[in-house]
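K.L.:
got a structure for you, letters missing:
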């Protein structure tokens, strides 16, 4: 029987080619998988990846209060008045559709720890500071706040009964709450309030200050930046603006 290598080479070469072909096919499959996944990821902010949501609008701003960073500012519709720094932030949201292209905002906040004091304040005035006050900057000064675990709503100062809502135990560690804000409207979960004394975001006259289409949101801080009314608990916030 012959034992030279000419007897084995015909068998080895096809095996080697098959192995090389299999490696090529495997690499191709991996590349195709990446091509399918990458476009989906690239449409979402890197800071939002891995969260339990995806932005429903290209107009959004994600604020990471644990690391004091943010991602995206909705092409100028959202601007920072304070921070993010020290686990706190205040933003201004322009809801004049003629300027920003947006007329309503969704504000989501997630509680990474037990809420204490003022963790969320959404006001119609740049100096809202909780409990319906704004030091006389605007007569249209409606606001909502979460103080501790209680959500409260205050209509503008001319209202006969400004404090129209108090809901206890609305937030806790690990929970996310989303609110919708637009002209004369505040919504949350399955509930909402409609009133001409709520947010004036359609060019209404103001007896104390200039007409504006802006709303302000404070996270772990009331809207008025010089106030000492602060809190802890919000780990991240997502603001989405829509037409």
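P.N.:
That came through, no problem. Every value quoted in this text rests on a predicted model; they were computed, and no experiment measured them.
K.L.:
please compute how far the helix or strand hosting residue 237 lies from its chain's middle.
P.N.:
Taking DSSP states H and E as the criterion, residue 237 maps to strand 231-242. When distances are taken as Cα atoms, centre = their mean, to the nearest Å, strand 231-242 is centred 5 Å away from the chain's centroid.
K.L.:
partner strands of it, with direction?
P.N.:
strand 60-64 (antiparallel), strand 104-123 (antiparallel) (DSSP bridges).
K.L.:
how far out from the middle of the chain is the shortest one?
P.N.:
Here strand 60-64 is found 5 Å from its chain centre; the criterion is Cα atoms, centre = their mean.
K.L.:
equivalent analysis for the last one, please.
P.N.:
Here strand 104-123 is found 10 Å from its chain centre; the criterion is Cα atoms, centre = their mean.
K.L.:
same deal with stretch 76-96?
P.N.:
11 Å.
K.L.:
so, low pLDDT: which residues of the protein?
P.N.:
For the chain, the stretches with pLDDT under 70 are 1-58, 74-75.
K.L.:
show me where it has helices.
P.N.:
Along the chain, the stretches classed as helices by DSSP state H are 9-42.
K.L.:
about what we covered before: now the strands paired with strand 231-242 in JSON lines, with mean neighbour count and distance to residue 213?
P.N.:
For every residue, glycine as well, the C-beta is placed using N, CA and C. Output for those, formatted as JSON lines (neighbours: other Cβ atoms under 10 Å; distance: least, Cβ to Cβ, whole Å):
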{"stretch": "strand 60-64", "mean neighbour count": "22", "distance to residue 213": "18"}
{"stretch": "strand 104-123", "mean neighbour count": "22", "distance to residue 213": "11"}
